[in-house]
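Chemist: Sequence and predicted structure, then a few things I'm wondering about:
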There are 2 protein chains.
Amino acid sequence: MKSSLSFDLNQYLSERVRLIDDALEHFLPGEDVRPQNLHRAMRYSTLSGGKRLRPVLVIAGAEAVGGDAQMVLPTACAIELIHTFSLIHDDLPAIDNDTLRRGRPTCHVQFGEATAILAGDALFASAFELITRNASIVPAERVVHVVALIAEASGTGGMVGGQMVDIESEGKETDAETLEYIHRHKTAALIRAAVVSGAILAGAEQWQVETLSRYGELTGLAFQIADDLLNVTGDPRKTGKAVGTDTARGKATYPALFGIEASRQRAYQLVQQAVEALYSFGDSAEPLRAIAHLMVEREG
Amino acid sequence: MKSSLSFDLNQYLSERVRLIDDALEHFLPGEDVRPQNLHRAMRYSTLSGGKRLRPVLVIAGAEAVGGDAQMVLPTACAIELIHTFSLIHDDLPAIDNDTLRRGRPTCHVQFGEATAILAGDALFASAFELITRNASIVPAERVVHVVALIAEASGTGGMVGGQMVDIESEGKETDAETLEYIHRHKTAALIRAAVVSGAILAGAEQWQVETLSRYGELTGLAFQIADDLLNVTGDPRKTGKAVGTDTARGKATYPALFGIEASRQRAYQLVQQAVEALYSFGDSAEPLRAIAHLMVEREG
């Protein structure tokens, strides 16, 4: 095992992203299969060069407790499909009305609104189908646990619930509690579910699940603050998204409520806490430590 | 066990619908819990007096192989949530643009489009969470099998895929093969998944699963033909939906392609075949036989 000094995050990420991209390419239905347009839209939005942060976290969660990528690959891909589904629906005219994503036209701009709604729905369904494929590798009890966890993190108790409160808060004065609710549900819930799912599939003990849950929560919050900051200060050539849109919409964001400098400090503090939470893990958690730092140091 | 002569379908249905309605009321998040508007929309569309045909089929599928309602109730409710999710999204302006459902304004008319999209998404997520609760009653392997089955029946290989082809066929001349594709995917897939899921959770043998799968496919097709017929000849006070909308939209339907009389005959023929498929089941399949007839004899 590598020592932490020699850990090469770039190499680590590029190897795992390649695994994930190959698996996504393989799992997604082909464009020559009926209904072709739906499959084109599903593939267009999924295979568009995302950072694959969430599926990498599934793998890193498994590795932290002694598992490996192959053990969790279907679930890693499932989490990416859920993330993509949420982006497609959030971009819709009735919600955020975004036209640019990862430097390309959003799904509904490219394929029309009806197809975009259905492509999101189909990706969400495919995600659960994919998770069940993990049952050919690990015991069924673990898979059921992970389905429950990911479903909860995606729905009203997680991502979708956070998005709902986010929309409702637009143009209104938002208090810190509501902002925390939005970040915790809209972003942190799925990031936490990713790390924890990987660990559960790999047979983690209860204390490990709890520690990684805390790691996921903290890094998830840090990630969203960094995202809010990039919307203010980022370079659209690197983020692939328009800048200043949150302010224009009166969105509830961390920098809007606390200012840029305090937001930066808070993000670094959360990452610090996340890394400290892993103190009883050895070198196997080195990727998780490095990824925590990356979450706030990224440019896109 | 009752003999088939004395089987009282109305009593059977009202008992099971009460069980399902109580369970749905219990499972759905409360309107006093954040995000309240999302939960209002989820409850509004789900608790609106649907026939509960699909969840009843989950129970009847379990009973046919010696199980009972309590054994499958979470999954029965999950199937109803998926059905409701699909209705909410299909009714959206970008898809069918329907304003009336079960005699009331559709979800987006009542709550706005953004909330309707997210309510559908949240119901879909809740469905998978619910299915996993079945693991406290039956072995995890069966639950994983059912998650896979229902996810496939809901997504591009089932309901969503069928809806996509349905939309694409609007206003175009549609051949019998495409119409069959739409019916098989949009409607029959989830009905089949309902019956089969109940049976699998109750520990069905392979031949029983295969037989019930055939029953579900045949009755699902019959149900859709009956639905198409009701759109032409139904009474809006009984169906709770506007009449003639399929024709106005140039939708691909059975009566449009083959005429009303041939469609009626085809529906009855499918029901006959579905009932015949159950010949090796005893009295425990009596509800399934009666439901098959109901599917084409209903008025709404």
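Modeler: Perfect, I can see it now.

Chemist: going forward, measure contacts and count neighbours with C-alpha atoms only.
Modeler: OK.

Chemist: wait, what's in contact with A:Arg54?
Modeler: Residues in contact with A:Arg54 (Cα atoms under 8 Å, 6 or more residues apart in numbering or on different chains) are A:Ala76, A:Ile79, A:Glu80, A:Leu190, A:Ile191, A:Ala194, A:Val195.

Chemist: Within the helices and strands, which one has the third one?
Modeler: The one in question is A:Glu80. Taking DSSP states H and E as the criterion, A:Glu80 maps to helix A:69-91.

Chemist: Dump the contacts of A:Arg54 to a markdown table, plus distance to chain B.
Modeler: What follows is the contacts of A:Arg54, written out as a markdown table (distance: Cα to the nearest Cα, whole Å):
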| residue | distance to chain B |
| --- | --- |
| A:Ala76 | 16 |
| A:Ile79 | 13 |
| A:Glu80 | 15 |
| A:Leu190 | 13 |
| A:Ile191 | 16 |
| A:Ala194 | 16 |
| A:Val195 | 19 |
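
Chemist: how about these, which pair is most distant?
Modeler: Using Cα to Cα, the contacts of A:Arg54 reach their maximum pairwise distance at A:Glu80 and A:Val195, which is 12.7 Å.

Chemist: Which of those two has more residues huddled nearby?
Modeler: A:Val195 (29 against 26; other Cα atoms under 10 Å in any protein chain shown).

Chemist: Report the rounded mean pLDDT for whatever helix or strand A:Asp227 lives in.
Modeler: Using DSSP H and E, A:Asp227 sits in helix A:206-233. Averaging pLDDT along helix A:206-233 yields 95.

Chemist: burial of the residue in the stretch 151-300 of chain A that chain B sits nearest to, as a residue count?
Modeler: Taking Cα to the nearest Cα as the measure, the stretch 151-300 of chain A has A:Gly155 as its residue closest to chain B, at 4.6 Å. When neighbours are defined as other Cα under 10 Å, A:Gly155 has 29 of them.

Chemist: Read off the pLDDT value for the spatially most central residue of chain A.
Modeler: Centroid-nearest residue in chain A: A:Arg54, 4.1 Å away (criterion: Cα atoms, centre = their mean). We have a pLDDT of 98 for A:Arg54.

Chemist: So the residue lying closest to A:Ala193 once chain neighbours are set aside, which state does it fall into?
Modeler: Spatial nearest neighbour of A:Ala193, excluding adjacent residues (Cα to Cα, 6 or more residues apart in numbering or on different chains): A:Ile150 at 5.9 Å. Put simply, A:Ile150 is helix when judged by DSSP: H, G, I helix; E, B strand; the rest coil.

Chemist: Poorly predicted segments of chain A, please.
Modeler: Scanning chain A for pLDDT under 70 picks out the ranges A:1-5.

Chemist: Within range of chain B, give me the residues from it.
Modeler: When proximity is defined as Cα under 8 Å from any Cα of the partner chain, chain A approaches chain B at A:34-35, A:38, A:89, A:94-95, A:113-115, A:117-118, A:121-126, A:128-130, A:132, A:135, A:140-141, A:143-145, A:147-149, A:151-152, A:154-156, A:160-161, A:164-165.

Chemist: follow-up on the earlier one: test my guess that the residue nearest to A:Ala193 contacts A:Val195.
Modeler: No - applying Cα atoms under 8 Å, one finds A:Ile150 not in contact with A:Val195, separated by 10.8 Å.

Chemist: Now do the strands in the stretch 201-300 of chain A.
Modeler: With DSSP state E, counting those that start in this stretch, there are no strands along the stretch 201-300 of chain A.

Chemist: for the stretch 51-200 of chain A, same thing?
Modeler: With strands called from DSSP E, counting those that start in this stretch, the stretch 51-200 of chain A shows them at A:100-101, A:104-105.

Chemist: Burial-wise, tell me which of these comes out on top.
Modeler: strand A:100-101 (a mean of 17; mean count of other Cα atoms under 10 Å in any protein chain shown).

Chemist: what lines up beside that strand in the sheet?
Modeler: Here strand A:100-101 has these sheet partners by DSSP bridges: strand A:104-105 (antiparallel).

Chemist: what sits up against the strand it pairs with?
Modeler: Contacts for strand A:104-105 (Cα under 8 Å, 6+ apart): A:Thr99, A:Gly240.

Chemist: Repeat that for stretch A:234-248.
Modeler: Contacts of stretch A:234-248 (Cα under 8 Å, 6+ apart): A:100-104, A:228, A:230-233, A:252-253, A:256, A:299-300.

Chemist: Only C-alpha atoms, please: export that stretch in CSV.
Modeler: Only the C-alpha atoms of stretch A:234-248 are listed here, as CSV (Å, rounded to 0.1, in the frame of the first residue of the first chain):
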residue,chain,number,x,y,z
GLY,A,234,-15.5,30.8,-11.4
ASP,A,235,-14.2,30.8,-14.9
PRO,A,236,-17.0,29.6,-17.2
ARG,A,237,-14.4,28.0,-19.5
LYS,A,238,-13.5,25.7,-16.6
THR,A,239,-16.9,25.2,-15.0
GLY,A,240,-18.8,24.7,-18.3
LYS,A,241,-21.6,26.8,-16.7
ALA,A,242,-22.7,30.4,-16.8
VAL,A,243,-21.4,32.5,-13.9
GLY,A,244,-23.5,34.8,-11.7
THR,A,245,-26.7,32.9,-12.4
ASP,A,246,-27.4,32.3,-8.7
THR,A,247,-27.3,36.0,-7.8
ALA,A,248,-29.4,36.9,-10.9
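
Chemist: mind checking how far it is from the chain centre?
Modeler: In terms of Cα atoms, centre = their mean, to the nearest Å, the centre of stretch A:234-248 is found 19 Å from the chain centre.

Chemist: what's the neighbour count on the residue nearest to A:Ala193?
Modeler: Residues near A:Ile150, counting by other Cα under 10 Å, number 29.

Chemist: repeat for the one 10 residues further on
Modeler: Applying the criterion other Cα under 10 Å, we find 29 residues in the vicinity of A:Val160.

Chemist: what about it, distance to B:Ile117?
Modeler: For A:Val160, the distance to B:Ile117 equals 10 Å [Cα to Cα, to the nearest Å].

Chemist: Pull up the overlap in contacts between these two.
Modeler: Counting by Cα under 8 Å, 6+ apart, nothing touches both A:Val160 and B:Ile117.

Chemist: Got the phi and psi for A:Gly158?
Modeler: Main-chain dihedrals, A:Gly158, degrees, to the nearest 10: phi -150, psi -120.
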